[in-house]
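Visitor: Sharing a model that was predicted from the sequence below.
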Amino acid sequence: MGREQYEAVRAAGTGRGTAYATQEEDYGYRSGVAFGYGYRSGPGVPRQRGLWVEEPVGRRRLPDPVRTSAVRAVLLVSLTLIQASVAFLLTVTASWLAFPMVLGAIAGTVVATWGVLDVWVTRQMWNQRNGVVSVPSSTARRLRRERRRERRRARKAARIRQRGGRLKEA
């Protein structure tokens, strides 16, 4: 992030839940010496970028069940790739362990495929249950439609009660 972008973000006050410190604090110039190297702050002294400047992120965090299954899938896939690499190397060296390792790598591939599909299914279920997907077959959309009908019925009944038992024609 360049200095102009930094200033624009600071001026807008945007961030991910954390307030930006002043530029002097971000760059370590609070006491006039940055990182113990004798850099001085003040007018006309060039500033150096600090080690850590937080930048706002455009994506939201994954829901917990989806993140859990994604971590599980990454671990399964990485272990399967390691196992397949070892199986290949043992096959090249004509070791007696090659055959069991190849069988294990095949089984690991099946398990890793299941793990990746689990991420996909968990994500789809989360979206459907929490109303993120808005397609006609969405469970959340059907529930919203039913709630709207109930609210309309309640409003209509309240209007009938207010009018003394008869509904005024509009």
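Guide: Thanks, I have the structure now.

Visitor: Which helix or strand lies directly C-terminal to the lowest-mean-pLDDT helix or strand in the chain?
Guide: Ranking every helix and strand in the chain by mean pLDDT, DSSP states H and E puts helix 23-27 at the bottom, with a mean of 47. Downstream of helix 23-27, the first helix or strand assigned by DSSP states H and E is helix 64-92.

Visitor: Name the next helix or strand following the top helix by length along the chain along the chain.
Guide: Secondary structure of the chain per DSSP state H: the longest helix is helix 98-129. Using DSSP H and E, the helix or strand that follows helix 98-129 in sequence is helix 139-162.

Visitor: ok and that next one relative to helix 98-129, angle-wise?
Guide: Orientation of helix 139-162 against helix 98-129 (axes from the mean of the first three to the mean of the last three CA atoms, to 10 degrees) gives an angle of 20 degrees.

Visitor: buried residues in helix 139-162?
Guide: residue 140 (16 or more other CB atoms under 10 Å). Every residue, glycine included, has its C-beta placed from N, CA and C.

Visitor: Does anything pack onto it? Which helices or strands?
Guide: helix 98-129 (3 or more CB pairs under 8 Å, 6 or more residues apart in numbering; DSSP states H and E).

Visitor: Quick one: neighbours of residue 115, just the number.
Guide: 19 (other CB atoms under 10 Å).

Visitor: Local confidence estimate at it?
Guide: The per-residue pLDDT reported for residue 115 equals 95.

Visitor: list the contacts for it?
Guide: 69, 72-73, 76-77 (CB atoms under 8 Å, 6 or more residues apart in numbering).

Visitor: Can you flag the buried ones in those residues?
Guide: 69, 73, 76-77.

Visitor: residues in contact with residue 78?
Guide: For residue 78, the contact set (CB under 8 Å, 6+ apart) is empty.

Visitor: try residue 154
Guide: Listed by CB under 8 Å, 6+ apart, the contact set of residue 154 is empty.

Visitor: How about the one 4 residues further on?
Guide: Not one residue lies near residue 158 by CB under 8 Å, 6+ apart.

Visitor: And it, how close does it get to residue 152?
Guide: According to CB to CB, to the nearest Å, residue 158 and residue 152 sit 11 Å apart.

Visitor: so where's this protein uncertain?
Guide: 1-49, 131-139, 165-170 (pLDDT under 70).

Visitor: just curious, which of the buried ones among the contacts of residue 115 is nearest to residue 85?
Guide: Checking the buried ones among the contacts of residue 115 against residue 85 with CB to CB, the nearest one is residue 77 at 12.7 Å.

Visitor: which residue sits closest to the closest one, ignoring its sequence neighbours?
Guide: residue 112 (4.7 Å; CB to CB, 6 or more residues apart in numbering).
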